[in-house]
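*Asks:* What would the 3D arrangement of this be:
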Amino acid sequence: MQLRIAYLCGTTGWGGLEMNQLKNAQWMLEREHFVQVYAQLSIPIAIAAKQKELPLIEIEKHKNHYDFIHAVQLYRKLKEHKIQHLIIRATFDQSIAATVAFLSKGKIKVHFFMEMDFGSPKKQFFRTLRYSFFTSWNCPLEYLKNQVIRNTHVSENKINVIPSGLEIEKIVPIDKRDARSQLNLPLDQFIFGIVGRIDPKKGQLLALEAMLKTKMTDFHLCIVGEKTTNESDSYLNELINFVKENDLEKRVHFLPFQTDVAIAFSAFDWTILPSYSETFGMVTIESMACGIPVLGSKAGGTTELILNEKNGLLFTTNNNADLAQKMDLILEQQLTFNKEEIKASILKFDHHTVCEMVEKLLLS
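*Replies:* Just a heads-up that it's a prediction; the model follows:
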């Protein structure tokens, strides 16, 4: 049965939230559902939607709360296109989506796919009323479902666990030496790698600090990523200066963002995820899709993704001494895991499986 789905995105950034919204829209279109993306024409998700030839409907910028005028305009467009399901991911879009559900008298079902965890309880009356108009509330991991149950009045029978998907079939690892040759990395050294946006919250500095505390020194660290567009170079410069001041230039390598992440992960022996908080680390499952184990911060969704003794290890968040200790353990014991078992541990995140779960939800 063909579903008629609208993907709304009122946020103007281009991070994991917006990328996941667009990827899911594309996957559902490929599965022959009627799909439209609703966004301002000039923002990154709209530009990407055009490039991917996804049906795009222009909307005006709306407010975070109680924007009834734009809600009416959005409702009319959805009704015109006979949309059955409205999918949102940003909390910014919750108010206008709830108003659409109210205006449609429940004919347009609103589904919230949670991307960020809660910093505080959300039990205020206005939030409870808003959430009551959602047909479903979907969390990428079990710990987030428990968080929603604790911190909101959302009916538990509306809350589901549907992970963010990954096109595993498109992540094709290559020979380690070939990957290192392409990236101009040492061929015969043990390499820890970090992949992600250059940002203080991502913890690259923590990993550099840990290098100074390890007993073992016969390893290299590769940092892959770029700063957020239009943001300061101060943190990147701080990392570069730290490397120079501590004579680590020969052991630390900075590489730009890689469009083919499999090449970067294929060059690593272990991936480090030193983030201070990671709701759902796509980097974690991308690394595992390449058969590369992950040494991750014991915070957020990482604790659910990393299964000790099967696909990686955990270290205490924001603790460079514990990170250094775990790095020494890996080096001293030459610790690794079976690549096929690592890959098998993340099969439930394959996008085909995720799309089937979304279809089952919407059809129900």
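
*Asks:* Sticking with I194, tell me its helix or strand.
*Replies:* Element membership for I194 (DSSP states H and E) is strand 190-195.

*Asks:* Excluding covalently adjacent residues, which one is nearest to H153?
*Replies:* T128 (4.5 Å; CB to CB, 6 or more residues apart in numbering). Where you see a C-beta, it was placed from the backbone N, CA and C, and this is true even at glycine.

*Asks:* Just give the number of residues close to the one you found.
*Replies:* When neighbours are defined as other CB atoms under 10 Å, T128 has 13 of them.

*Asks:* Look at it and report its pLDDT.
*Replies:* Looking at T128, its pLDDT reads 97.

*Asks:* can I assume it sits in a strand?
*Replies:* No: counting by DSSP: H, G, I helix; E, B strand; the rest coil, T128 falls outside a strand, being helix.

*Asks:* Just the buried residues of stretch 144-159, please?
*Replies:* For stretch 144-159, burial by neighbour count (16 or more other CB atoms under 10 Å) applies to 144-145, 147-148, 152, 154, 158-159.

*Asks:* wait, I meant stretch 56-76
*Replies:* Under the neighbour-count criterion of 16+ other CB under 10 Å, stretch 56-76 has 56-57, 59, 62, 67, 70-71, 74-75 buried.

*Asks:* still on that earlier bit, these two touch, right, the residue nearest to H153 and T152?
*Replies:* Yes: T128 is within contact range of T152, at 7.3 Å (criterion: CB atoms under 8 Å).

*Asks:* Could you give the separation of the strand holding I194 from the chain centroid?
*Replies:* The chain centre lies 19 Å from the centre of strand 190-195; the measure is CA atoms, centre = their mean, to the nearest Å.

*Asks:* ok, the buried residues of stretch 56-76 vs I5, which is closest?
*Replies:* Comparing the buried residues of stretch 56-76 against I5 with CB to CB places I57 closest, at 12.2 Å.

*Asks:* element containing the closest one?
*Replies:* Secondary structure (DSSP H and E) places I57 in strand 56-58.

*Asks:* now that strand: mean pLDDT?
*Replies:* 98.

*Asks:* residues in contact with F133?
*Replies:* 97-99, 101-102, 110 (CB atoms under 8 Å, 6 or more residues apart in numbering).

*Asks:* ok so it is a helix residue?
*Replies:* No: counting by three-state DSSP, F133 is not found in a helix; it is coil.

*Asks:* Roughly how far does it sit from S234?
*Replies:* F133 is 42 Å from S234, where distance means CB to CB, to the nearest Å.

*Asks:* likewise V358?
*Replies:* 40 Å.

*Asks:* What of I57?
*Replies:* From I57 to S234 the distance is 39 Å (CB to CB).

*Asks:* quick one: low-confidence parts of this structure?
*Replies:* Along the chain, segments meeting pLDDT under 70 span 229-230.

*Asks:* For the stretch 151-300 of the chain, which segments count as helices?
*Replies:* 176-183, 204-211, 234-245, 261-267, 282-289 (DSSP state H, counting those that start in this stretch).

*Asks:* ok, now the stretch 1-150 of the chain?
*Replies:* 16-30, 44-51, 68-80, 94-103, 125-131, 142-151.

*Asks:* Ok, which of those comes nearest D199?
*Replies:* helix 16-30 (12.4 Å).

*Asks:* Which other helices and strands does the closest one contact?
*Replies:* Contacts defined by 3 or more CB pairs under 8 Å, 6 or more residues apart in numbering; DSSP states H and E place helix 16-30 against strand 4-8, strand 34-39, helix 44-51, strand 109-113, helix 351-363.

*Asks:* what number of residues lie near the residue lying closest to Q84 once chain neighbours are set aside?
*Replies:* Take Q84 and drop its neighbours on the chain: the residue closest to it by CB to CB, 6+ apart is R4, 4.6 Å away. Neighbour count for R4, taken as other CB under 10 Å: 16.
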